[in-house]
Every structure is written in structure tokens, then in C-alpha cells.
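Novice: what's the 3D shape of this:
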Amino acid sequence: MSDKLTEKELHKIIERRSTGKTSFAEFLEELAKIGVIQYDINVATGQAAYKNEHSELTTEPQVKFVISEQFNRDQALQTIANITLPFLDFLREMANAGITTYTVNIMNQKSTYSGINGEQIVEALQL
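Specialist: Predicted structure coming up:
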């Protein structure tokens, strides 16, 4: 593991996950192997910031989803429970539930989802 994340290795891991070649659990395991301890996702754009102790890599925006003005906790929880959805479908469903951002903390094995009006859902990672 290096102190600086390399874009090339990170993109290989992201590509495998986005094409369904790895499960969510395998994705997290691969990220941990290269030193990623946390990542943050902007639901409206799909832009992600992957962080280790000493550096951060940010991906390019992928989509332009409109975040619902109504926070729907039940819909968000249903989507979280269906973590096997392809990434962009997952984002679309989260946007429809009024989720604006989420953070996955690999070390603590928790995800924090933030709603349109400051609501939060904290969930243990489903591996």
C-alpha cells in the first residue's frame, strides 16, 4: 500500500465494480487493499472522493440526477437494502428518496446517508 492513491489502480477497481465483475463486499476489500479508508459520493452527480490517510482522488461527475425535495426514509432504506443494484441505478433511487450525499467508512464499516433537509441514516455496511 502506498501513501498516495494512484488513479490507475483506483479506476481499475471502480471499473470492475461498475461492470458487475465484483460484488460490493469485494469492491470494499479491494479499496481497503490500496489504502482507501473512506469515500464520499455526491448522489446528484455520481462524483466520488476516495480518501486514504495522506491523499484523496476525486472522480469526474457521471450523471445529473435531480434530488427529490421530499426525504423518504423508507424508500432510502429499501434502496440501501438492495446494495446489489448497479451503481447508477442505486444513485437514481437514492436521489428519488431525497438523499444528497453518502459516506462509506471502510474502517468503521458504516455508511452515512444525508437527506435533502439534513436528515441522516447511519447503517452498518451490508457485506
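
Novice: quick check, central residue of this structure?
Specialist: Ile41 (4.9 Å; Cα atoms, centre = their mean).

Novice: ok, Glu123 - contacts?
Specialist: 80, 110-111, 113 (Cβ atoms under 8 Å, 6 or more residues apart in numbering). To be clear about C-beta, it is placed using only N, CA and C from the backbone, and glycine gets the same treatment.

Novice: at 10 Å what do you get?
Specialist: 76-77, 80-81, 83, 102, 104, 109-113 (Cβ atoms under 10 Å, 6 or more residues apart in numbering).

Novice: what is the nearest of these to Gln62?
Specialist: Nearest to Gln62 out of these is Tyr102 (Cβ to Cβ; 15.1 Å).

Novice: which residue packs closest to the closest one, ignoring adjacent ones?
Specialist: Nearest residue to Tyr102, sequence neighbours excluded (Cβ to Cβ, 6 or more residues apart in numbering): Tyr113, at 4.4 Å.

Novice: phi first, then psi, for that neighbour.
Specialist: phi -110, psi 130 (degrees, to the nearest 10).

Novice: ok, Glu9 next?
Specialist: Dihedral angles (degrees, to the nearest 10) for Glu9: phi -70, psi -40.

Novice: how far away is it from Thr59?
Specialist: From Glu9 across to Thr59, the span is 13 Å (Cβ to Cβ, to the nearest Å).
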